[in-house]
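**Student:** with the input below, show me the fold.
(chains A and B)
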2 protein chains.
Amino acid sequence: MARIALDAMGGDRAPAATVAGALLALGDFGSKHVIQLVGRDEIIRAELQRQLAGDFASRTADAARLQIVHAPDVIAMSDKPTVAIRGKPKSSMVVGLRMQADGQSDAFVSAGNTGAQMAASIFIFRLHDGLTRPAIPTLFPTARIPIVVLDSGANVDCSADELVQFARLGCVYAEDVLGRKNPIVGLLSIGEEPEKGNAVVKEANALLMSAGLNFQGNVEGRDLPMGASDRGPVDVVVCDGFVGNVILKFYESVAPMIVKLIGERGVAPEVLAGALETLDYASTGGAPLLGVRGVSIIAHGKSSATAIRNALHVAARTFETGMSAHIGQRIAQRAAAQQGVVA
Amino acid sequence: MARIALDAMGGDRAPAATVAGALLALGDFGSKHVIQLVGRDEIIRAELQRQLAGDFASRTADAARLQIVHAPDVIAMSDKPTVAIRGKPKSSMVVGLRMQADGQSDAFVSAGNTGAQMAASIFIFRLHDGLTRPAIPTLFPTARIPIVVLDSGANVDCSADELVQFARLGCVYAEDVLGRKNPIVGLLSIGEEPEKGNAVVKEANALLMSAGLNFQGNVEGRDLPMGASDRGPVDVVVCDGFVGNVILKFYESVAPMIVKLIGERGVAPEVLAGALETLDYASTGGAPLLGVRGVSIIAHGKSSATAIRNALHVAARTFETGMSAHIGQRIAQRAAAQQGVVA
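**Tutor:** Residues are numbered from 1 along each chain as shown, chains lettered A, B, ... in the order given. All right, here's what the predicted structure looks like:
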């Protein structure tokens, strides 16, 4: 049996969504777990009343496993993390976490201010020895099974050692929460060879080789939707929080965009293929290397005839517009403008 | 009229794809441009012979605008960039670029070794004054119109000043090659506020504010497939080459994965929605903050009731499996193992 504290005030759609979610979960849990709704007593009661009004009698069994824990303060989405913790010790977030530290709860859930939740969790729980940072994992749907990508936003500037820490954290998460045995770890980079990547990633690759983990090596962006690289499946993909957050938000946004593209063309299978064709690099063909004094078009290594054709069109247009010269002029103008300001 | 040199030997599918692409482009160009096929003379001739055999007579007009420039060496995909340039001065890549520097060609196209092409282009063409790096732009399809994302892999470790350079390069590219007027620039980050991002991105945001560009501010990963942020459309998105490359490869790989998902379920509209639902964050619900001594589940700020419900399930499972304790043990074990090695 777990006593799960839910930040009833947290999230853009609280308390309606938090209370509704709690009631749904209660139905799922049966008599297995207790949910502790933490927040402003009167607001939670009013919301419960509203949602249970129609069938209150039939839900009393559920309601018995639903506790309300009063917390008068609310941390806003815009509050600075540390200010929120120090200035609002009676907020639903701090109260909910504190209950666990005091042995009155077993888990805490919040859809509120992530930075504040992270800071408060570190402050109240502290980190395990040997760790310098916490990490937030995300489950990525793939063509295979979901994979764990971490960090997904808690840490924007990471050391190589911290990436190794994330790998360890992700493996335990994959084992425990996803039930994966001996999870396979990949390091997100821009090439599968160990020498590919930025400075931190290259160092992390070397450290992961001798970290005692089931490390497959570098994986690339293209491997994420597949849940596998050419060398086989992965369970955990490690990256810093900047990259992880960008990819995560991008992924969330791709599906609606594809639905829109498909909707505009109807949904017959043949046009579906056409709609998705716009995601194909071949229709672009090639890209000019910007900054050199000349026209140098870089085409994809896997270029088809169509891709080459299009790259040639890009070459023609790049030359005819005088782009390279424009770049030189623009840079020079900027330099002159800056000198003017200085002079 | 442009004389466009094509690296006939470059790319995984050369020379078949390069020669075929050249012939297709010739048909498109009419008498407007000349294509210079650079590579091993005998190989190019044999390939042209093979592809033109059936209708050689009708293609002679095309063939007249197709020149062959002999270059005996070939730079392999696995060659190190600088070694390739110094060791293979008679390669199709170096010869093709050199022709332009010598006034015998107007543009160069290659699907070969990108690192070598970049190094050779810098070496032979040099950079425009005021630039410290070249950049590779990529056109991203969006729900609106394509946008320019750069750098997409030429520069893995970038300074803030270099990100500003990329913005300038991307604007000229967008104006010239895409025909955009006064292109709008966004800086890829993990929040729209200027103080969000890693150290380099935060500094770049400040620099871009006074860079004399049409700078919109930070954009997020979710804005890329839309080609717009909440503040309106963007034309150019700036990021370092590590992030850009990861996103690009990810994007290329998403469409095939979605096709697979859809194919497995048929293509009727109602199941299409179901297939894409797996890309929905709500089905995951929440993620435990890893590393703290406790259970702290981070749910999405926009959580629906379903998302909260699922976050609660994650909370239950995280608690019941003792994940947090396992993390502590695992970290401690690792520390002990390392001490053992040292001792």
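
**Student:** which other residues reach the host helix or strand of A:A325?
**Tutor:** A:A325 belongs to helix A:323-342 when assigned by DSSP states H and E. For helix A:323-342, the surrounding residues in contact (C-beta atoms under 8 Å, 6 or more residues apart in numbering or on different chains) are A:288, A:290-295, A:318, B:128-131, B:165, B:168-169, B:171-173, B:175-177, B:211-212. The way it works is simple: take the backbone N, C-alpha and C, and place the C-beta from them, glycine included.

**Student:** close enough to count as contact, A:M9 and A:P15?
**Tutor:** Yes. Counting by C-beta atoms under 8 Å, A:M9 touches A:P15, with 6.4 Å between them.

**Student:** before we move on, back to that, can you give me how far the helix holding A:A325 is from the chain middle?
**Tutor:** Mean C-alpha position of helix A:323-342 versus that of the full chain (C-alpha atoms, centre = their mean, to the nearest Å) differs by 39 Å.

**Student:** quick check: mean pLDDT across it?
**Tutor:** Helix A:323-342 carries an average pLDDT of 72.

**Student:** over to stretch A:207-216?
**Tutor:** Here the average pLDDT along stretch A:207-216 is 93.

**Student:** end to end, how far does it reach?
**Tutor:** 13 Å (C-alpha to C-alpha, to the nearest Å).

**Student:** can that stretch be said to contact chain B?
**Tutor:** Yes. Using C-beta under 8 Å from any C-beta of the partner chain, stretch A:207-216 reaches chain B at A:211-212.

**Student:** contact partners of that stretch?
**Tutor:** Against stretch A:207-216 from outside (C-beta under 8 Å, 6+ apart): A:160-161, A:163-164, A:167-168, A:171, A:182-187, A:194, A:229, A:231-232, A:234, A:238, B:334, B:337.

**Student:** buried ones among the residues you listed?
**Tutor:** By neighbour count, with 16 or more other C-beta atoms under 10 Å in any protein chain shown, those hold A:160, A:163-164, A:167-168, A:171, A:183-187, A:194, A:229, A:234, A:238, B:334 as buried.

**Student:** please, which helix or strand holds the residue of the stretch 1-150 of chain A found nearest chain B?
**Tutor:** Of all residues in the stretch 1-150 of chain A, A:G21 sits closest to chain B, at 2.5 Å by C-beta to the nearest C-beta. Per DSSP H and E, A:G21 falls inside helix A:16-29.

**Student:** kindly report the same for A:I35.
**Tutor:** Judged by DSSP H and E, A:I35 forms part of strand A:34-39.

**Student:** and the next helix or strand past that strand?
**Tutor:** The helix or strand immediately downstream of strand A:34-39 is helix A:41-52, counting by DSSP H and E.

**Student:** mean confidence (pLDDT) on that following helix, please.
**Tutor:** Helix A:41-52 comes out at a mean pLDDT of 92.

**Student:** which of the contacts of stretch A:207-216 fall in strands?
**Tutor:** In strands, judged by DSSP state E, the following of those are found: A:185-187, A:229, A:232, A:238.

**Student:** list the contacts of stretch A:12-31.
**Tutor:** A:6-11, A:33, A:35, A:37, A:39, A:43-44, A:47-48, A:51-52, A:59, A:62, A:65-66, A:77, A:111-112, B:301-309, B:311-313, B:316.

**Student:** now with 7 Å?
**Tutor:** Stretch A:12-31 is contacted from outside by A:6, A:8-11, A:35, A:37, A:39, A:43-44, A:47-48, A:51, A:62, A:65-66, A:111, B:301-305, B:308-309, B:312-313, using C-beta atoms under 7 Å, 6 or more residues apart in numbering or on different chains.

**Student:** any of those residues buried? List them.
**Tutor:** Buried members of the contacts of stretch A:12-31, counted by 16+ other C-beta under 10 Å: A:6, A:8-11, A:35, A:37, A:39, A:43-44, A:47-48, A:51, A:62, A:65-66, A:111, B:301, B:303-305, B:308-309, B:312-313.

**Student:** make a ChimeraX selection of the buried ones in the contacts of helix A:323-342.
**Tutor:** To isolate the buried members of the contacts of helix A:323-342 in ChimeraX, using 16+ other C-beta under 10 Å:
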select /A:288,290,291,292,293,294,295,318 /B:128,130,131,165,168,169,171,172,173,175,176,177,211
